[in-house]
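# coordinates only, sequence not included:
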C-alpha cells in the first residue's frame with residue numbers, strides 16, 4: 001500500500017478513536033483543517049517531524065501512524 005494512504009488511514013482511525021473531528025483536531029494541534037483533510041485522503045507526504053507532531057497531538061507514537069494494520073494486529 002502507498003505510504004501516504006496508509007498514514008492517512010491510520011491517522012483518520014486514530015483521530016476518530018480519540019473523539020476528534022477534523023476541525024477540533026486542527027484547533028488543538030495547530031494544523032489546518034485542510035491539511036488534516038488532505039492527509040487523510042493520502043494527498044500529503046508528511047515529514048518525520050510532522051509525523052511526530054501529529055502523533056503527539058493524538059497521544060500516540062509515530063509508529064502508530066505508519067504501522068500496517070495487518071502487522072499491528074496480534075495473532
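Perfect, I can see it now. Source: prediction; values computed, not measured.
# what helices or strands is the longest helix along the chain leaning on?
Ranked by number of residues, the top helix in the chain under DSSP state H is helix 3-17. Helices and strands touching helix 3-17, by 3 or more CB pairs under 8 Å, 6 or more residues apart in numbering; DSSP states H and E, are helix 33-40, helix 48-58, helix 62-66. Glycine gets a C-beta too; all of them are placed from N, C-alpha and C.
# gap between residue 41 and residue 34?
11 Å (CB to CB, to the nearest Å).
# Need the overlap of contacts for the two.
Here residue 41 and residue 34 share no contacting residue, scored by CB atoms under 8 Å, 6 or more residues apart in numbering.
# follow-up on the earlier one: the longest helix of the chain: which residues count as buried?
4, 6-12, 14-15 (16 or more other CB atoms under 10 Å).
# And the contacts of it?
For helix 3-17, the external contacting residues (CB under 8 Å, 6+ apart) are 22, 25, 36, 39-46, 51, 54, 58, 60, 64-69.
# Low-confidence bits of this structure, can you list those?
70-75 (pLDDT under 70).
# which residues does residue 24 contact?
Going by CB under 8 Å, 6+ apart, the list of residues near residue 24 is empty.
# That one is in what secondary structure piece?
helix 22-29 (DSSP states H and E).
# and the residue lying closest to residue 55 once chain neighbours are set aside, how many neighbours?
Nearest residue to residue 55, sequence neighbours excluded (CB to CB, 6 or more residues apart in numbering): residue 62, at 4.5 Å. Counted with other CB atoms under 10 Å, residues neighbouring residue 62 total 18.
# How about residue 1?
Residue 1 has 10 nearby residues by other CB under 10 Å.
# so it touches residue 68, yeah?
Yes - assessed by CB atoms under 8 Å, residue 1 is found in contact with residue 68 at 7.3 Å.
# Now do the contacts for residue 41.
Counting by CB under 8 Å, 6+ apart, residue 41 has contacts residue 8.
# I'd like to know how far it sits from residue 23.
Residue 41 is 16 Å from residue 23, by CB to CB.
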